[in-house]
Each structure stands twice: as structure tokens, then as C-alpha cells.
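Engineer: A predicted structure for the sequence below; I have some questions about it.
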Amino acid sequence: MARRKVSNPLAFAVLGSLVERPMHPYEISTLLRARGKDQSIKLNYGSLYSVVSALEKNGFIEALETIREGNRPERTVYQITKSGQEEFADWLTELIGTPAREFHPLEAGLAYLPGLPPDRVAELLEQRLKAVDAEIEEIVAAHEQMASIDFPRIFWVESEFRLALLKAESSYVHQLAEEIRSDRLDGSAFWRKAWKLYEEEGIAPVDQLKDPVKYFGTEFAWMQAIPPEAR
């Protein structure tokens with residue numbers, strides 16, 4: 001997949017906005033927030049102008065006119081070029097049709113789960129679960145409100161996708177926290193023993209892994225099969 005000349009997702013939103021009509025950057029920012037698009041694409045007003053500048057430099061948009069409203073500073077209105085329309089269509093095609101490997105913060109944390117004691121991890125997962133479930137309730141309420149006024153779903157399907165992801169996360173996190181609390185998570189016995197050895201006897205993990213059978217018993221002989229560089 002070729003790298004785009006301007007790859008910031010905010011640039012995609014700017015092009016998508018200018019497909020509708022010419023606008024100045026502040027108007028684009030206001031429109032994105034009013035439509036809730038800032039929930040799907042990170043909108044930083046400070047970086048908006050640098051994105052607009054990059055799009056103009058690469059010929060995707062061009063200045064149409066400069067206007068002044070009352071005592072406000074002059075604002076440059078931009079319009080999308082033919083090249084910009086083609087870039088937007090190609091970008092949209094890629095986003096919808098081509099899966100991309102995304103690195104979720106929670107996934108990174110789970111990769112180092114044993115770095116904290118089991119009960120602390122369960123506590124943090126339950127803390128996360130409250131925030132996730134609260135957001136789920138907010139989105140469901142918003143969807144019900146939009147449905148009540150027959151607001152076409154085509155304009156908020158991205159919110160449905162966000163809701164689906166949150167529900168999947170809630171289900172998984174709830175199950176994982178329960179498995180940790182009840183020691184049903186495979187490897188929990190090793191995890192708890194390792195932390196007990198460290199906290200009560202001061203035996204560091206690196207020393208534990210040098211002789212796993214000594215510290216954890218023959219049921220952990222599988223650890224000896226782990227390559228030294230992975231320990």
C-alpha cells in the first residue's frame with residue numbers, strides 16, 4: 001500500500017467536507033463537530049491549518065477567495081481540486097475495502113499482563129469496564145434519539161461501528177476479569193506464584209525463569225522449552 005502524500009486522517013475529513021462545498025478551515029472544524037465526526041476522526045484545531053496547508057501544497061485543494069466577516073480576521077475559503085476529488089475517492093475506497101492492522105492500546109497492555117499482580121489487573125479491567133459501559137449507554141441513547149426523529153442511518157453508521165466495537169470489548173473484558181478473579185485463566189497459578197515469590201521472598205522474575213521447575217514445580221516444565229532469548 002503506497003504512502004499518501006498527506007496521510008493524516010484529518011486531511012481525509014477536510015477533503016470529504018470540501019467535496020460538499022468550498023469552506024474556510026474554521027467552518028470545516030465547526031461542521032465536523034456539529035455532525036459528530038470528531039468522534040470518529042481526531043480533530044485538533046491547532047493541526048487543522050497545517051493539514052490544510054499540506055493539502056494545498058500537494059494540489060488537492062486550492063484557495064478560492066478571502067473573506068472578512070465583521071471584525072473577525074480574514075479567512076481563506078478553499079475548494080477541492082480534481083486531483084483532490086480523486087484522492088478522496090481513492091482514500092475512501094481504501095478505508096472501506098482494505099483491512100489495516102491497528103494497534104489497540106488495550107492489546108498492548110494485555111501483551112504484558114503479568115507485569116502487575118492478578119488482583120490489580122482484575123481491578124483495572126473492572127475500572128475500564130465501567131467507562132466502556134458508560135460510553136455504550138451514551139451511544140445507545142444517542143441512537144435512540146436519532147431513530148426517533150427518523151434521522152437516516154447512513155449519516156451515523158460510523159457510530160454503530162463504534163458501538164459494536166465497544167460491546168465486543170465490554171464482553172471480552174468482563175469475561176477476562178472474571179477468569180482472573182477466579183483463577184480460571186490458564187497460567188493464573190504461575191502468575192500468582194511468581195508475584196508471591198517476588199513480593200515475599202524478593203526473587204526477581206529473571207531468576208525465577210532461570211530454573212522454573214525449582215520455583216514452580218514439574219507442572220511448569222514447559223517453561224524450559226521457551227528459547228532463552230524469549231525469557
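Structural biologist: Alright, I've got the coordinates. Numbering: from 1, shown residues only.
Engineer: list the helices and strands the one helix or strand T76 maps to packs on?
Structural biologist: Using DSSP states H and E, T76 maps to strand 75-80. If contacts are counted by 3 or more Cβ pairs under 8 Å, 6 or more residues apart in numbering; DSSP states H and E, strand 75-80 sits against helix 9-20, helix 25-34, strand 61-67. Every C-beta, even on glycine, is put in place using the N, C-alpha and C of the backbone.
Engineer: So for K214, which of these sits nearest?
Structural biologist: When the helices and strands packed on strand 75-80 are compared by Cβ to Cβ, helix 9-20 sits nearest K214, at 51.5 Å.
Engineer: Not counting the closest one itself, show me its contacts.
Structural biologist: Helix 9-20 has contacts (Cβ atoms under 8 Å, 6 or more residues apart in numbering) with 23, 25, 28, 31-32, 37, 41-44, 47-48, 51-52, 54-55, 60-61, 78-80, 84-85, 87-88, 91-92, 95.
Engineer: Mind giving me the ChimeraX select for those, buried ones only?
Structural biologist: To isolate the buried members of these in ChimeraX, using 16 or more other Cβ atoms under 10 Å:
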select :23,25,28,32,41,43,48,51,52,54,55,60,61,78,80,84,87,88,91
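Engineer: Quick check: next helix or strand after the one helix or strand Q208 maps to?
Structural biologist: Assessed by DSSP H and E, Q208 sits inside helix 205-210. Downstream of helix 205-210, the first helix or strand assigned by DSSP H and E is helix 212-216.
Engineer: I'd like the average pLDDT over that following helix.
Structural biologist: Taken as a whole, helix 212-216 has a mean pLDDT of 81.
Engineer: Point out the other helices and strands that it packs with.
Structural biologist: If you count contacts as 3+ Cβ pairs under 8 Å, 6+ apart, helix 212-216 packs onto helix 188-201.
Engineer: Tell me how many other residues surround A111.
Structural biologist: When counting by other Cβ atoms under 10 Å, one arrives at 8 neighbours for A111.
Engineer: ok, now which ones touch E199?
Structural biologist: E199 touches P117, counting by Cβ under 8 Å, 6+ apart.
Engineer: let's see 7 Å
Structural biologist: By Cβ atoms under 7 Å, 6 or more residues apart in numbering, the contact list for E199 is empty.
Engineer: Select the longest helix from the chain.
Structural biologist: helix 118-148 (DSSP state H).
Engineer: Just the buried residues of that helix, please?
Structural biologist: Under the neighbour-count criterion of 16+ other Cβ under 10 Å, helix 118-148 has P118, V121, A122, L125, R128, L129, V132, D133, I136, I139, H143, M146 buried.
Engineer: And the helix or strand just after that helix, how far out from the chain middle?
Structural biologist: Counting by DSSP H and E, the element after helix 118-148 in chain order, helix or strand, is helix 157-181. Remark: helix 157-181 is offset 13 Å from the chain centroid, using Cα atoms, centre = their mean, to the nearest Å.
Engineer: Helix 157-181 vs helix 188-201, what angle?
Structural biologist: Here helix 157-181 runs at an angle of 60 degrees relative to helix 188-201 (axes from the mean of the first three to the mean of the last three Cα atoms, to 10 degrees).
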